[in-house]
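below are the sequence and a predicted model; questions follow.
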Amino acid sequence: MVTASYVIGLGSNRRHGRYGAPERVIRSAIDALAAKGLVVGRVSRIVRTPAMGPSDRDFANAAVLVETDLAPPALLALLQRTERDFGRRRYRRWGARVLDLDILAWSGAHWSDRRLIVPHPGLAIRDFALGPAAQITPRWRHPALNRTLRQLHAQLRKPRPVDRTRRTP
C-alpha cells in the first residue's frame, strides 16, 4: 500500500499516573505513536480548551501529522489500542479521559464505513480540533467543503453579529 498522510487529533483532560498532567500525556502519546511505527511529522502547539459535554475539566488538545501505510480502519485500531495503553476506558460519551485520539483528515480524501468517517464529521465546527489541524496543514482542502483548513478556521473564528431582533421569553 502507498504511504498516506493523516492528521491525528489528540486530547486529554485527566492526569496519568506515569505521564502526569494532560499536556505531558499528549507529548507521551505522540512518542507512543512513533514507537508503534507511525512517522511523525509536524506537531501543533498544545492548547487548553473547555470540555464539551458533561466533563468539567478543561482539555489539552493538539494535532500531529503522521505518515503510514495503514488504511484508515487499521490506523483507527492502532489509535484505539494506544488509548487503551494509556488507560482509556470507553464508558461515557464526552466524559473525562486520559487520552482521546481521532483521525481528523487523510490524504486519501474521504473514508466512510460503519465505524469510521474521515474527515472527522466535527472537524469544521470544533475549534479545539480545527485550530491545531490548521496549524500543521493549513492548505489541506476539506474534500466535501472544498475549503482549506486555514479558511475553515478563519470562518469558524469570525465574530458573529448578535441578532437583536429576537426576544427572549
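That came through, no problem.

just checking, what packs against the host helix or strand of Leu10?
Using DSSP states H and E, Leu10 falls within strand 4-12. Secondary-structure packing of strand 4-12 (3 or more Cβ pairs under 8 Å, 6 or more residues apart in numbering; DSSP states H and E): helix 22-35, strand 59-68, helix 72-85, strand 100-106, helix 127-136. C-betas here are computed from N, CA, C, even on glycine.

partners of that strand, with directions?
In the sheet, strand 4-12 lines up against strand 59-68 (antiparallel), strand 100-106 (antiparallel) (DSSP bridges).

can I get those in TSV including distance to Leu145, mean pLDDT and mean neighbour count?
Formatted as TSV, the strands paired with strand 4-12 follow (distance: least, Cβ to Cβ, whole Å; pLDDT from 0 to 100; neighbours: other Cβ atoms under 10 Å):
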stretch	distance to Leu145	mean pLDDT	mean neighbour count
strand 59-68	18	96	22
strand 100-106	12	95	22
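
just send these back as CSV, with distance to Ala32 too.
Below are those laid out as CSV (distance: least, Cβ to Cβ, whole Å):
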stretch, distance to Ala32
strand 59-68, 11
strand 100-106, 10
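
okay, now the unreliable bits of the chain?
Counting by pLDDT under 70, the chain contains low-confidence residues at 1-2, 53-56, 89-96, 162-169.

distance of Ser107 relative to Leu38?
With the distance defined as Cβ to Cβ, to the nearest Å, Ser107 ends up 14 Å from Leu38.

common neighbours of these two, please.
Shared contacts of Ser107 and Leu38, defined by Cβ atoms under 8 Å, 6 or more residues apart in numbering, are absent.

who has more neighbours, the two?
Between Ser107 and Leu38, Leu38 has the larger neighbour count (other Cβ atoms under 10 Å), namely 22 against 14.

just to check, the more buried one is in contact with Ala74?
No - counting by Cβ atoms under 8 Å, Leu38 stays clear of Ala74, with 11.4 Å between them.

coming back round to it: wait, which of the helices and strands packed on strand 4-12 is closest to Arg157?
helix 127-136 (7.0 Å; Cβ to Cβ).
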